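Visitor: show me how the following folds:
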Amino acid sequence: MATTAEDYAKARKLGNKAYQKALSEGHYPYLPALDYMLPSRTTLKEEKIGTREIPLYLVVGTVTKGRQESFARNFMPLLPADTEFGMKWMNLMDYQTSKGIQDAIVVTEFMGKFYVSEGNKRVSVMKFLEQPSILANVTRVLPPIPEDKDDKEVNIYYEFLKFYKCTGNYDITFTEEGCYDRLAEAMGKTYDEAWDEETLMDLKSAFFNFTKAYFAAGGKAYTTITVGDAFLVYIDMYKYESLINATADEMKKNISQIWQEIRIRANGNQIAFSEEPQLQKKAIPIIDTIIKKSPAFSEQNPLKILFLYDGDATKSRWINGHEKGRLELEEMFPGVVKTLACDCKDTEEEFSDAVEAAAADGADMIITTSPVQMEFALRAAVKYPDIKFLNCSVHLSHGAVRTYYGRMYEAKFLLGIIAASMSEDHRIGYVSTYPICGNIANINAFAIGASMVDPKAKIYLTWSCLKEGYWREYIRENNLRIVSGPDLIKPLKADNEYGLYQLGDDGSVTNIAFPEWKWDKYYELIVRKVLNDAWDTEADDSKDKAINYWWGMTSGVIDVYQCDNIPYSTQKMVSAARKSITADIANPFDGELRSADGIIKPAMSPRLTNEEIINMNWLNDNVIGTIPTFDELTETAQKTVKANGMPIIGKGDSSKS
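Guide: Below is the predicted model:
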């Protein structure tokens, strides 16, 4: 058994190592002091939290300078053993190992981290012994709430305070906004009242067991995320209920099946955008010459695809388009591709039953057409790793389920050109669906296209997803004659109020043009990737990124249909713009961009990246309207927005232009 002197020598060695590492990396080598970091501490609001167990890994510094330089950044000692400091440290070590330290340290909590005012050596000893927690008397210092709500760390902290009020739990921390709400929702809880003791004990036990399993499986290697982040990934894949009473071995086995998801999360949820179809696998000449593989799919062994819808194809504009694409897909590959569609799979039980039946029938691919289905698809993908899963969305970042969508903003840009060329009063209506990723880019591309033709053009924005107000009433109230309505025609009870149309004095509707989702072409390209054995190529290239197929006009999956009533000169202008887009010469998000609040991008800066286009949360300077807040949306719209991760309105943004 090691003596306290030997323990001190080991602890000091760890301290010197941390000290040298900090210096080599250009960091301050001693404990950070809160008063130095936060000179205004005494002017900020304080709360007395009381005495409680706190996680030792969250104890990161001291309150005042004091003994600051006696410790390295990891709280290990730096002074020689024969100093008064060294002797006191060893006495504490001896006391802890023989009787156990009972006295609470005194700490100040700021932004979820703890800074010690009394008990630095006790913390040092307990950290050396790798204890998980320590008893502390806690005073909380509250950071000021930023007016613009753009401070991510402060936003996360105030989300934590809501969680803490109900749970008293300091153990679970996150690095992204919205995670505490997601955890509460996964547990079936709200913040309206304190959580019951059984719920709190289950959560504490589940997180403790998960932490052990996660670290045992190699989780310590992922330093860019917290255990809480990985915990939430696990819940996404297996559900919170699966953690209750699960053994460490069961958790470890489950974790081993979702490392790709954890790696993607640790890599910042980055998405690898496939802008054009890659239909051939990478050639390896020598191997390909030696190994002549027979086609994986044929009439004797067809590629089996299940389309799972979250509604009725005969009623939904959106699902009807996918269903038409599915039917045409079989005609393109007679005998080689077999498809099946299931409607109204909007509960997890229905979804799981459909997937299980498809798996039993030998399904090779399952396609889901709404972001609200991603949660179900993820869990099914873990259960059936040999089936290829797809979800029609653009922002969700997962490895087990690839996502696909279209650069519809290219078509909207052309429609904006047409609209402005046919508007007599410079006023154009625009009806949008949901404030989700990609949709704001559609609005702005339309507005930019219109302004390029008519600098006086104003786009009157309304939404079809609001609790109050009806988009047709908005069009009538503002006496708008040129309108960009819903993109798709109704499957039943079809009307003409879709696409770009003109309203007459008598209320008559004349169609002008409409955007086209060519799902038959999209699904053809996806199928060719599989038939040509090119599916796995992108997975190898993307490494720790999620894959999104974000194809556009060049691939033939997006287009604009123009009616005969469009003037000849406008048709020529649209044709030229279309050629420029498909040749990647022009893009609506090239050059200077402006919102009502000022310049978004100066004239000489590069084109917006895919991420900037997809996550756009501002409106062009000629748009009259707002991005709605979450509370303004219908229940169905809220469900869709939440499934999409709420990056546009997650901060309560209702950008006005």
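Visitor: give me the mean pLDDT for stretch 322-342.
Guide: Averaged across stretch 322-342, pLDDT comes to 94.
Visitor: and Glu84, what does it touch?
Guide: Contact partners of Glu84, counting by Cβ atoms under 8 Å, 6 or more residues apart in numbering, are absent. All C-beta atoms are positioned from the backbone trio N, CA, C, and that covers glycine.
Visitor: per-residue confidence at it?
Guide: 94.
Visitor: kindly report the same for the one 4 residues further on.
Guide: Lys88 is assigned a pLDDT of 95 by the prediction.
Visitor: same question, the one 5 residues further on
Guide: Looking at Met93, its pLDDT reads 92.
Visitor: any low-confidence regions in the protein?
Guide: The model of the chain has pLDDT under 70 over residues 1, 148, 282-295, 344-346, 492-494, 650-657.
Visitor: tell me the domain boundaries of it?
Guide: 1-144, 285-392+521-554, 408-516+586-643 (automatic domain parsing).
Visitor: and the residue of the chain most remote from its centre, how far is that from Ala441?
Guide: Here the centre of the chain is the reference, and by Cα atoms, centre = their mean the most remote residue is Asp82, at 53.8 Å. Noted for Asp82: a distance of 67 Å to Ala441, by Cβ to Cβ, to the nearest Å.
Visitor: same question for Lys529.
Guide: Applying Cβ to Cβ, the value for Lys529 to Ala441 is 25 Å.
Visitor: likewise Thr626?
Guide: Distance from Thr626 to Ala441, by Cβ to Cβ: 16 Å.
Visitor: neighbour-wise, which of those two wins?
Guide: Per other Cβ atoms under 10 Å, whichever of Thr626 and Ala441 has more neighbours is Ala441, with 24 against 17.
Visitor: which strands and helices sit next to the helix or strand encompassing the more buried one?
Guide: Ala441 belongs to helix 439-453 when assigned by DSSP states H and E. If contacts are counted by 3 or more Cβ pairs under 8 Å, 6 or more residues apart in numbering; DSSP states H and E, helix 439-453 sits against helix 408-422, strand 427-432, strand 458-463, strand 623-624.
Visitor: for Val116, find the nearest of the ones you listed.
Guide: In this view, the helices and strands packed on helix 439-453 are compared for proximity to Val116 by Cβ to Cβ, and strand 458-463 is the closest at 51.4 Å.
Visitor: how about residues contacting the very next helix or strand once past the closest one?
Guide: Heading C-terminal from strand 458-463, the first helix or strand you meet, by DSSP H and E, is helix 471-477. The set of residues external to helix 471-477 that reach it, using Cβ under 8 Å, 6+ apart, is 429, 431, 460, 462-464, 483, 485, 497, 503.
Visitor: which one of these sits closest to Ala213?
Guide: So of the contacts of helix 471-477, ranked by how close each gets to Ala213 (Cβ to Cβ), first place is Trp463, at 44.7 Å.
Visitor: now do the contacts for that closest one.
Guide: Residues near Trp463 by Cβ under 8 Å, 6+ apart: 431-435, 471, 628.
Visitor: that one and Trp550: what is the separation?
Guide: Separation of Trp463 from Trp550 (Cβ to Cβ) stands at 24 Å.
Visitor: any chance you could map the strands in the stretch 501-650 of the chain?
Guide: Ranges of strands within the stretch 501-650 of the chain are 509-517, 546-551, 558-562, 593-595, 598-601, 623-624, based on DSSP state E, counting those that start in this stretch.
Visitor: closest to Leu396 out of the ones you listed?
Guide: Nearest of those (Cβ to Cβ): strand 546-551, 7.6 Å.
Visitor: so what strands line up beside the closest one?
Guide: Here strand 546-551 has these sheet partners by DSSP bridges: strand 271-274 (parallel), strand 401-406 (parallel).
Visitor: make JSON lines from those and add mean neighbour count to it.
Guide: Listed next are the strands paired with strand 546-551 as JSON lines, based on neighbours: other Cβ atoms under 10 Å:
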{"stretch": "strand 271-274", "mean neighbour count": "20"}
{"stretch": "strand 401-406", "mean neighbour count": "24"}
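Visitor: perfect, I'm done here.
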